[in-house]
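1. Take a look and give me a structure for this.
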Amino acid sequence: MKSSACAGLRQQFCVAVAVLALQKFHTPVAYRSRIHEIRPNEFSMEAVMKIKSIVLGLGLAAVSAFAATAETWKLAVTDVEGMERLQLEWGPFKEALETATGDTFEFYAVNSRTAAAEALRGETVDFVVSGPAEYVVINKLTEATPLIGLGRPDYHCAIITRADSGINTMQDLVGKTVAFGDIGSTSNMLCPMQVLADHGVDPVNDIEKIHTSRNIAHEALKNGEVDAIGSNANSWLNVRNSETDLPYGFFKMIGRSGDLPNDMIMVGAHVPTEAAEMVQTAILENKDAIIAGITAHEENDKYVGMDLVAIDDSAYDYVRSMYSNAGYPQFDNFIGD
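-> Got it, this is the predicted structure:
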């Protein structure tokens, strides 16, 4: 009898606390009305079941509300082929992005810049990490827009010759052979051609062009097989500094660009503006963690010392000028594809 009485008191106490708690917090109207159905002295099993029903309903409502705010997005990187490399090189970035936004990001592997554009246009990918030259074409084809700039330190290009070449100005290169890096590369092709154009040399008609890899171009210049090279300045300096057998002053830079527009995270035109802005804000508010994720793998060492900035399409008008001066004024096709 005593045990039964104690159990009854415990039940009464629990029901009373539950009623007070539900009345205290911001409970939806539908549930508040059901709370008031429970009379203060009603401590029957029916009352307990009502409380359970209310609590369960509130829980389901909370879960549904959370699910409605969390999104799942597809993420691609234009210069990384294969899911294994994506996971290895960009996995820490994806994890940091998910932590910052509360959303889920799933990798979508693309085997070319064209494939990335097609995936955006088909709405099978939502966000793409890309370089400036790729962005200009993808924007033209899909209306994707830049969301976050990946500000690389000292991202510029240069025109380099041998010190004993007798070439001292850009005009001296008219009629000469100039080697450039990969076709379509922002800093190893388009940018050096723009530097020539900025100094009155038509990169299409005034010089003989060779397109090759950066290292092969460097070797050709060293051996006197070309008159000059156009290259990403920092990348070339890394190659040059590794050659301890060459005397200091063997090469010289006769021109360089200003800082280039950033690599970026772009967002597809189909992604709602509000959702894109939420992702942008989350990235900017969690810069350190996002940068640590990007630079975690050695393949992304070019981003060491980077910053993350909000950018818009106008930042890439200089790249459009590069395309035009290189002989591709429509910038609606990837050079070299």
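
2. In PDB, list the C-alpha atoms belonging to the helix or strand hosting Leu120.
-> Applying DSSP states H and E as the criterion places Leu120 in helix 113-121. Extracted in PDB, the C-alpha atoms of helix 113-121 (Å, rounded to 0.1, in the frame of the first residue of the first chain):
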ATOM      1  CA  ARG A 113      36.500  21.800 -67.000                       C
ATOM      2  CA  THR A 114      33.800  21.100 -69.500                       C
ATOM      3  CA  ALA A 115      32.400  18.300 -67.300                       C
ATOM      4  CA  ALA A 116      32.200  20.800 -64.400                       C
ATOM      5  CA  ALA A 117      30.300  23.300 -66.600                       C
ATOM      6  CA  GLU A 118      27.900  20.600 -67.800                       C
ATOM      7  CA  ALA A 119      27.300  19.500 -64.200                       C
ATOM      8  CA  LEU A 120      26.500  23.000 -63.100                       C
ATOM      9  CA  ARG A 121      24.200  23.500 -66.100                       C
END
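
3. Going along the chain, name the strands of the stretch 51-200 of the chain.
-> Along the stretch 51-200 of the chain, counting by DSSP state E, counting those that start in this stretch, strands occupy 72-77, 104-107, 127-130, 145-151, 157-162, 177-180.

4. Need the pLDDT of the closest residue to Ala289 other than its chain neighbours.
-> The shortest distance from Ala289 to any non-neighbouring residue, by C-beta to C-beta, 6 or more residues apart in numbering, is to Ala96 (4.7 Å). All C-beta atoms are positioned from the backbone trio N, CA, C, and that covers glycine. As predicted, Ala96 sits at a pLDDT of 98.

5. List the residues that contact Ala96.
-> Counting by C-beta atoms under 8 Å, 6 or more residues apart in numbering, Ala96 makes contact with 286, 289-290, 292-293.

6. Reformat the strands of the stretch 51-200 of the chain as JSON lines; add mean pLDDT, mean neighbour count and distance to Thr281.
-> As requested, the strands of the stretch 51-200 of the chain are exported to JSON lines (pLDDT from 0 to 100; neighbours: other C-beta atoms under 10 Å; distance: least, C-beta to C-beta, whole Å):
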{"stretch": "strand 72-77", "mean pLDDT": "98", "mean neighbour count": "18", "distance to Thr281": "15"}
{"stretch": "strand 104-107", "mean pLDDT": "98", "mean neighbour count": "16", "distance to Thr281": "16"}
{"stretch": "strand 127-130", "mean pLDDT": "97", "mean neighbour count": "25", "distance to Thr281": "14"}
{"stretch": "strand 145-151", "mean pLDDT": "96", "mean neighbour count": "21", "distance to Thr281": "10"}
{"stretch": "strand 157-162", "mean pLDDT": "97", "mean neighbour count": "24", "distance to Thr281": "33"}
{"stretch": "strand 177-180", "mean pLDDT": "97", "mean neighbour count": "24", "distance to Thr281": "39"}
